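1. Mind looking at a prediction? Sequence and model below.
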Amino acid sequence: MYNVCIGGINSSSFFDRQRVQDEALRMGLVEARVVYVVMDGGIWLWNIFDDRFKQWAIGTLDFYHAMRPWIGSFHEPFVPESVA
C-alpha cells in the first residue's frame, strides 16, 4: 500500500492539470489497484479530477468539508448567548 498526500497553500494555478497528472503517473497511478483522490469542495479541483483522473480513480470529498454542515448545526446550540 502506498499513501501520498500532496497539498499546500497555493493558488489554483499552481496545481495545473498537467503537473498534477504527471505527479500521479510518476507515483504509479496506472499500476495501482485502487486510487482515491480526496479533495475539498473546490470546483476547480473537481474539474481537474474529471479531466485527468476519473478513468482511474474514485473522487471523495474530504471529511472536514463533508462534515461542515453538520458541525455548524451541532455547535450552535452550545454557543453562549453572550458570544452569539
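-> That came through, no problem. The structure presented is a predicted model; accordingly, all values stated were derived computationally and were not measured.
2. all strands for this structure, in order.
-> Secondary structure of the chain (DSSP state E): strands located at 36-39, 58-61.
3. Check what pLDDT Pro77 gets.
-> Pro77 is assigned a pLDDT of 59 by the prediction.
4. quick thing: my sequence starts at 5, can you match it?
-> Will do, 5 is the new start, and the previous item becomes Pro81.
5. picking up where we left off before, for the strands of the chain, which has the smallest mean pLDDT value?
-> strand 40-43 (a mean of 87).
6. Skipping adjacent residues, who's closest to Asp45 in space?
-> Heads up, residue 45 is Gly, not Asp. His69 (5.2 Å; Cβ to Cβ, 6 or more residues apart in numbering). C-beta coordinates here come from the backbone N, C-alpha and C atoms, glycine included.
7. from memory Phe53 sits against Val39, does it?
-> No: at 10.8 Å, Phe53 and Val39 do not qualify as touching, with contact defined as Cβ atoms under 8 Å.
8. got any residues that touch both of these two?
-> Contact criterion Cβ atoms under 8 Å, 6 or more residues apart in numbering; residues bridging Phe53 and Val39 by contacting each: Ala61.
9. thinking again about what came up before, and Gln25, which of the strands of the chain is closest to it?
-> strand 40-43 (11.4 Å; Cβ to Cβ).
10. quick one, what contacts Gly63?
-> Neighbour list for Gly63: 40-41, 43, 50, 53, 57 [criterion: Cβ under 8 Å, 6+ apart].
11. partners of it in the sheet?
-> As for beta bridges, Gly63 partners with Val41 under DSSP bridges.
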